[in-house]
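Undergrad: Sharing a sequence plus its predicted fold:
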Amino acid sequence: QHGLIWEGAAGTEASAASHRGASLRIASNTKTFVAATLLVLSERGRIDLDAPAQRWLMPPTTSALRSVGYDPQRITVRMLLQHTSGLRDHSSLDAFLAQVKAQPQRRWTRGEQLDLALRAGPPLAPPGQLFHYSDTGYILLGEVIEAVTGAPLPAAIRSTLDFKRLGLNHTWFESL
């Protein structure tokens, strides 16, 4: 408006040197990108947030959920987004944390993460009745995005959100 242009960057760690154009590893910010992608897909009419997530989950995933008492037909995409699906959180389990500490470079598959959550016990509550933070729900949402878009999660997020238009040219996933 006044002919001024400001450019800047901020680091996520005190010791990290940041500059405009530096790469950003999505990591823990992935849930925000997953949620934004689902909202864009919903706006475009490609997904109904109130539809059962089972519609887009692979049969082995729905079978695994059912095997310990979850009803994937009652868990909606919105419940997964809002952490109200009743799913346990694999990332807060002692068994997961111990394994991560022992093997910090290990890449966990979606199935391995889901299996840990399911082995932890039955649903915490019926779908929609309890807020419980769950990375596991976002693991399932990744599967939903892949089914809706037909692309691997990193590529689906990158194209749906149009990283290029947003200037996110140096934002990346660990497993692309």
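TA: Thanks, I have the structure now.

Undergrad: Every contact and neighbour count from this point should use C-alpha atoms.
TA: Fine.

Undergrad: quick one: contacts for D71?
TA: By C-alpha atoms under 8 Å, 6 or more residues apart in numbering, the contact set of D71 is L65.

Undergrad: can I assume it sits in a helix?
TA: No. D71: not assigned to a helix; according to DSSP: H, G, I helix; E, B strand; the rest coil it is coil.

Undergrad: gap between it and A117?
TA: 15 Å (C-alpha to C-alpha, to the nearest Å).

Undergrad: With E146 instead?
TA: 21 Å.

Undergrad: Which of the two has more residues huddled nearby?
TA: A117 (26 against 19; other C-alpha atoms under 10 Å).

Undergrad: Hmm, the more buried one is touching S92, no?
TA: No. Using C-alpha atoms under 8 Å, A117 makes no contact with S92, being 9.3 Å away.

Undergrad: so who does the residue nearest in space to the middle of the chain touch?
TA: Centroid-nearest residue in the chain: Y138, 3.6 Å away (criterion: C-alpha atoms, centre = their mean). With contact taken as C-alpha under 8 Å, 6+ apart, Y138 is in contact with 31, 34, 80-81.

Undergrad: Among the residues you listed, which one has the most neighbours?
TA: Going by other C-alpha under 10 Å, L80 tops those with 26 neighbours.

Undergrad: Not including adjacent chain positions, what is the nearest residue to that residue?
TA: Leaving aside its sequence neighbours, L80 sits nearest to G137 (C-alpha to C-alpha, 6 or more residues apart in numbering; 5.0 Å).

Undergrad: can you check I47 too?
TA: Nearest to I47 is L41, by C-alpha to C-alpha, 6+ apart, at 5.9 Å.

Undergrad: So the one you found, which state does it fall into?
TA: Secondary structure, three-state DSSP: L41 is helix.

Undergrad: follow-up on the earlier one: what separates the residue nearest to the centre of the chain from L80, distance-wise?
TA: In terms of C-alpha to C-alpha, Y138 sits 7 Å off from L80.

Undergrad: cool, W56 as well?
TA: W56 is 13 Å from L80, by C-alpha to C-alpha.

Undergrad: try L124
TA: As judged by C-alpha to C-alpha, L124 and L80 stand 14 Å apart.

Undergrad: List the residues that contact R107.
TA: Counting by C-alpha under 8 Å, 6+ apart, R107 has no contacts.

Undergrad: any idea where the helices of this structure begin and end?
TA: With DSSP state H, the ranges of helices along the chain come out as 30-43, 59-67, 77-81, 94-102, 110-119, 135-149, 153-161, 163-166.

Undergrad: Quick check: which of those is buried the most?
TA: helix 77-81 (a mean of 24; mean count of other C-alpha atoms under 10 Å).

Undergrad: what sits against the residue nearest to L124 when sequence neighbours are not counted?
TA: In space, and not counting its chain neighbours, L124 is closest to G86: 4.9 Å by C-alpha to C-alpha, 6+ apart. G86 makes contacts with 123-132, as judged by C-alpha under 8 Å, 6+ apart.
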